[in-house]
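Chemist: Predicted coordinates and the sequence they were generated for:
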Amino acid sequence: MITMDDIVREGNPILEQVAPEVELPANKEDKSTLQEMLQFLKNSQDQELAEKYKLRPGVGIAAPQIGISKRMIALHFEDFDGNLYSEGLFNPKIISHSVEKTYLSSGEGCLSVDREVPGYVPRYARITVKAFNLDGEPVKFRLRGYPAIVMQHEIDHLNGIMFYDYINTNNPFAEPENAKPCD
Ligand SMILES: OCN(O)CCCc1ccccc1
Ligand code: NI
């Protein structure tokens, strides 16, 4: 099972690389890795398992964060209406997005960053994403608000981008242009 020992931390160059696409249909190894990533998220949100294995709760994870430079991400979280998003995705791609931006008023964190980095992280408010799921089927997501933020945070990891790259260095909590908080 994936534990925090498997999570690479900032400074590791793999987090700054653009990851190559996964060859589809996915081979057994890539499929098993993606399933383990999804299981890690579920475990990290289970009080007992998180305590037992010292897991930091995560709502998403990208393969480079476990040292694998491939375009694979997993998501496991509920949106503010209680809808569950639980996906293992190959080669996710944002195919369109709003001009408007959004951000979490509490800022963001990252399993690969062992420190607080305060500040607003402006992201597209609405995105359309195409990907392939664990069954190898093409899937399309139209996301807004919190789910859109999580998806963008994960896809950024596949392009070597960290959440703090977006924070306004002069004034981290300056109101981002053309953006409204989603919470
Ligand atoms: O890459 C996953 N990650 O480091 C875990 C935290 C993900 C995350 C946290 C806040 C807002 C969006 C996404
Ligand atoms: Ni992250």
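Modeler: Happy to help now that I have it. Numbering: from 1, shown residues only. Ligands and ions are numbered 1, 2, ... in the order given.
Chemist: The spatially most central residue of the chain in helix, strand or coil?
Modeler: Here the mean C-alpha position of the chain is nearest to the C-alpha of residue 154 (CA atoms, centre = their mean), at a distance of 2.4 Å. Following DSSP: H, G, I helix; E, B strand; the rest coil, we place residue 154 in the helix state.
Chemist: Could you give me the buried positions within whichever strand or helix holds residue 51?
Modeler: Assessed by DSSP states H and E, residue 51 sits inside helix 47-53. Within helix 47-53, the residues scored as buried using 16 or more other CB atoms under 10 Å are residue 53. Glycine gets a C-beta too; all of them are placed from N, C-alpha and C.
Chemist: try stretch 114-122
Modeler: Neighbour count says stretch 114-122 has 117, 119, 120, 121, 122 buried, by 16+ other CB under 10 Å.
Chemist: near ligand 1 at all, the helix holding residue 51?
Modeler: No - using CB under 6 Å from any ligand atom, helix 47-53 never reaches ligand 1; the gap is at least 13.5 Å.
Chemist: what pLDDT does the residue nearest to the centre of the chain get?
Modeler: Looking at residue 154, its pLDDT reads 99.
Chemist: ok, residue 122 - contacts?
Modeler: 101, 102, 103, 166, 176, 177, 179 (CB atoms under 8 Å, 6 or more residues apart in numbering).
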